[in-house]
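> Have a look; sequence and predicted model below, questions after that.
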Amino acid sequence: MRKIKHIKLLLLFALITAVLSSCRKDPKVTPEEITGISDPDLAQKSSFYLLNEGNMNMNKASLDFFDHQTGVYRRNIFEYTNPEITKGLGDVGNDIGVYGSKLYIIVNNSHQVEVLNAQTAKHIGTIDIVNCRYITFYNGKAYVSSYQSRIEGNSSANGYVARIDTASLQIEKTVTVGRQPEEMAITGGKLYVANSGGYDPGQYESTLSVVDLNSFTEIKRIDVAINLHRVKADKYGDLYVTSRGDSYNIPSKLFVIDTGTDAIKKTFDIAATNLCIDNDLAYIIGVQFSYPLQKNTISYAVLNVKDESIVSRNFITDGTEQSIVRPQGIAIDPYTKDIYVTDAKDFVTPGTLYCFDRNGRKKWSVFTGDAPAHFAFIN
């Protein structure tokens, strides 16, 4: 009798084990997709990562890679290269940058900085920063802007910039700036931070914080315009700062700041959603949305930063801009001088990356992840 009872217990245990095993499934890894888009060119030195933002709360940030030497575009390499990270890259990839041997990815709504090996895209570590936004580098340090809180409206706290040691990946210090800080640029021993106040459209911020890098303290704020976003430095000591306006009565504009005097020296009445400076030329994407009209007005301008004049009102010369629904990211290849423009389309389906030669003629295009936006070049 005892033997029969023992056998029954063994059978019951085996049945439970089988059921549990059948329910347990390995994490599903989204496969890498490989597309040949250009002829291999072994003489080319540059390749780049493209960060796809993914729509908020959908956990669909992803990473693509284009290798000039092979002519191959690899889509979704993060999950393929790091299958052990079952949650994927995270929610809203907001910025990307290479410094030394590491690749840094700002994952905004996952509240972390993902650090990878720049050559292999293998995971190295993560840095926890609430509502992190953008990243820049200087003298062995990474600087990350943070909204600090997740509270919207005028009760939201001032944001901060975190200084991170790129060897240890530890946060060394933070400095308080304005509400909802966005992009940053470093020049002349100072860190300039665009404060947006984007959580409170009724009371936007309108200042550029100036942080002394030696003391890592905010030394002043420059009043510019409401809802600041982009900050790019040229080689002449000037900053190009964008204001998004309010999409009603105040349009987007582009401001030139003299970092010698920390004063506005020129204003351009052009929409500037994103821009990239290559030597003396600034390539500018403008997407001006109007709530009353419920439509976007899109432009593609070129500005000479040496003499501060508009060179062109449309750097795409073959009509391809008619196929672009919502331009989002822009970059200039440091070696070929090709122009890269991303189309985010509806932000929830795969976008498109366009490559134009320096004369604005399309060379190729390829599908990307959702909401492609940010570039990082490697040698």
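Looks like it came in fine.

> Let's verify the nearest residue to Tyr99 once chain neighbours are set aside: helix, strand, or coil?
With sequence-adjacent residues excluded and distances taken as C-beta to C-beta, 6 or more residues apart in numbering, Tyr99 is closest to Phe137, at 4.2 Å. The C-beta positions use only the backbone N, C-alpha and C, and glycine is treated the same way. Under the three-state scheme (DSSP: H, G, I helix; E, B strand; the rest coil), Phe137 adopts strand.

> what sits against Phe137?
Contact partners of Phe137, counting by C-beta atoms under 8 Å, 6 or more residues apart in numbering, are Gly97, Tyr99, Tyr143, Thr166.

> ditto for Thr320
Counting by C-beta under 8 Å, 6+ apart, Thr320 touches Tyr354, Phe356, Lys362.

> and if we set it to 10 Å?
Contacts for Thr320 (C-beta atoms under 10 Å, 6 or more residues apart in numbering) come out as Val341, Tyr354, Phe356, Gly360, Arg361, Lys362, Ser365.

> wait, doesn't the fourth one sit right on Asp318?
Spelled out, it's Gly360. Yes: with contact defined as C-beta atoms under 10 Å, Gly360 reaches Asp318; the gap is 6.7 Å.

> the more surrounded of these two?
Using other C-beta atoms under 10 Å as the criterion, Gly360 and Asp318 rank with Gly360 on top: 17 against 12.

> looking at this, the more buried one is in a helix?
No: under the criterion used here (three-state DSSP), Gly360 is coil, not part of a helix.

> if we can go back for a sec, ok, so of the contacts of Phe137, who is nearest Ser206?
Nearest to Ser206 among the contacts of Phe137 is Tyr143, at 21.9 Å by C-beta to C-beta.

> What strand or helix carries that closest one?
strand 141-146 (DSSP states H and E).

> Relative to the helix or strand following that strand, what are the paired strands and their orientations?
For strand 141-146, the succeeding helix or strand toward the C-terminus, using DSSP H and E, is strand 160-165. Here strand 160-165 is paired, per DSSP bridges, with strand 141-146 (antiparallel), strand 171-176 (antiparallel).

> What residues of the last one count as buried?
Counting neighbours by 16 or more other C-beta atoms under 10 Å, one finds that the buried residues in strand 171-176 are Ile171, Thr174, Val175.

> what's the span of stretch 49-68, first residue to last?
11 Å (C-alpha to C-alpha, to the nearest Å).

> meant to ask about stretch 54-62, not that
Using C-alpha to C-alpha, the two ends of stretch 54-62 sit 7 Å apart.

> for that stretch, the distance to its chain's centre please.
Distance of stretch 54-62 from the chain centroid (C-alpha atoms, centre = their mean, to the nearest Å) equals 13 Å.

> Next: stretch 347-356.
Chain-centre distance of stretch 347-356: 14 Å, with C-alpha atoms, centre = their mean.

> for stretch 79-89, same thing?
For stretch 79-89, the gap between its own C-alpha mean and the chain's C-alpha mean amounts to 20 Å (C-alpha atoms, centre = their mean).

> how long is it from one end to the other?
End-to-end distance for stretch 79-89, by C-alpha to C-alpha: 7 Å.

> which other residues reach that stretch?
The contact list for stretch 79-89 (C-beta under 10 Å, 6+ apart) reads 26-34, 51-52, 54, 59-63, 65, 74, 76-78, 105, 107, 110, 114, 116-117, 120-123, 126, 369.

> Using neighbour counts, trim these to the buried set.
With burial judged by 16+ other C-beta under 10 Å, the buried subset of those is 51-52, 54, 59-63, 65, 74, 76-78, 105, 107, 110, 114, 116, 121, 123, 126, 369.

> still on that earlier bit, now intersect the contacts of stretch 79-89 with the helices, please.
Using DSSP state H, the members of those that fall in helices are Ile77, Phe78.

> Return the set of residues that bridge with Gly36.
Bridge pairing for Gly36 - DSSP bridges - gives Val72.

> Only the C-alpha atoms, please, for stretch 159-168, written as PDB.
In PDB, the C-alpha atoms belonging to stretch 159-168 read as follows (Å, rounded to 0.1, in the frame of the first residue of the first chain):
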ATOM      1  CA  GLY A 159      16.000  69.700 -13.500                       C
ATOM      2  CA  TYR A 160      19.600  68.900 -13.100                       C
ATOM      3  CA  VAL A 161      22.700  67.800 -15.000                       C
ATOM      4  CA  ALA A 162      24.600  64.700 -13.800                       C
ATOM      5  CA  ARG A 163      28.400  64.500 -14.200                       C
ATOM      6  CA  ILE A 164      29.500  60.900 -14.700                       C
ATOM      7  CA  ASP A 165      33.000  59.400 -14.700                       C
ATOM      8  CA  THR A 166      33.300  57.500 -17.900                       C
ATOM      9  CA  ALA A 167      35.800  55.000 -16.400                       C
ATOM     10  CA  SER A 168      33.700  54.000 -13.400                       C
END
